[in-house]
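Participant: just coords:
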């Protein structure tokens, strides 16, 4: 288990980045990879002054070793602890490619990633935040994989975005129990592919018949877009929710355990 220290009198700040999706060709002068990191990410780090930087997947694509090396070296250069989970694009080359990418990314001294049990994927681990030796909060990092077979109601099989596997759900239960025994009462879950229940959330919150791509990203109130009871909502949905096609019950387990208050996908 990874432990980070919180300074008394200051909030512990986590800056989460996601989906840079940079390939080996993005590192030449004036290419998007260099611009993304040198301008956008640097500005975010300066603005937020984080105690931890996390990346919730799709750092690059399976086999793009130059991209992983560049991303890892860049993030390590801030001198701030950082970590990540892999996304579906990272996993396109299979477990062996993921393990190679993990070795490249963890070459720096500030990366906290742990691969965990390979039977459950690559990157299931916990980061605990302590103050004066007392555990306060934990980030549960989980590998949501790439794709797996789905057999639809018509009996036809296809490859669909994957989700958290049954063995990982049990792993989550065990970690939450251990954290609770240690005094951690609240956790945050970070993974890449969303829970199926994001479909339920969007259906519950957004009004029917609106063009979701017309919802303005910077209008916090977004009046006229949310249903009654969700007027204080905030969020946009410019793409489909790319989850596994069925609910695997993980959200019910999260609620039953009572510890995780925030899920970042």
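Facilitator: Yep, it's here. In this text the structure is predicted, and so the values were computed from the model without any measurement. Residues are numbered from 1 along each chain as shown.
Participant: so residue 192 sits right up against residue 57, yeah?
Facilitator: Yes: in this structure residue 192 lies within contact range of residue 57 using Cβ atoms under 8 Å: 3.0 Å. C-beta coordinates here come from the backbone N, C-alpha and C atoms, glycine included.
Participant: And these two? Which one has more around it.
Facilitator: For residue 192 versus residue 57, neighbours defined as other Cβ atoms under 10 Å are more numerous around residue 192 (29 against 26).
Participant: Just the pLDDT at the more buried one, thanks.
Facilitator: In this model, residue 192 is scored at 98, pLDDT.
Participant: And it, how far from residue 182?
Facilitator: Taking Cβ to Cβ, to the nearest Å as the criterion, residue 192 is separated from residue 182 by 27 Å.
Participant: likewise residue 82?
Facilitator: Residue 82 sits 24 Å away from residue 182, going by Cβ to Cβ.
Participant: now do residue 244
Facilitator: Note on residue 244: its distance to residue 182, by Cβ to Cβ, is 31 Å.
Participant: any low-confidence regions in the chain?
Facilitator: Counting by pLDDT under 70, the low-confidence segments of the chain come to 28-30, 219-222.
Participant: what residue lies at the spatial centre of it?
Facilitator: In the chain, the residue lying closest to the centroid (Cα atoms, centre = their mean) is residue 56, at 2.9 Å.
Participant: if we can go back for a sec, residue 244 and residue 182: which is more packed in?
Facilitator: Residue environment comparison for residue 244 versus residue 182 gives the larger neighbour count to residue 244, 21 against 13, counting by other Cβ under 10 Å.
Participant: residues in contact with the closest residue to the more buried one other than its chain neighbours?
Facilitator: When the adjacent residues along the chain are set aside, residue 244 lies closest to residue 163, with 3.8 Å between them (Cβ to Cβ, 6 or more residues apart in numbering). The contact partners of residue 163, taken as Cβ atoms under 8 Å, 6 or more residues apart in numbering, are 144-145, 193, 195-196, 243-244, 248, 250.
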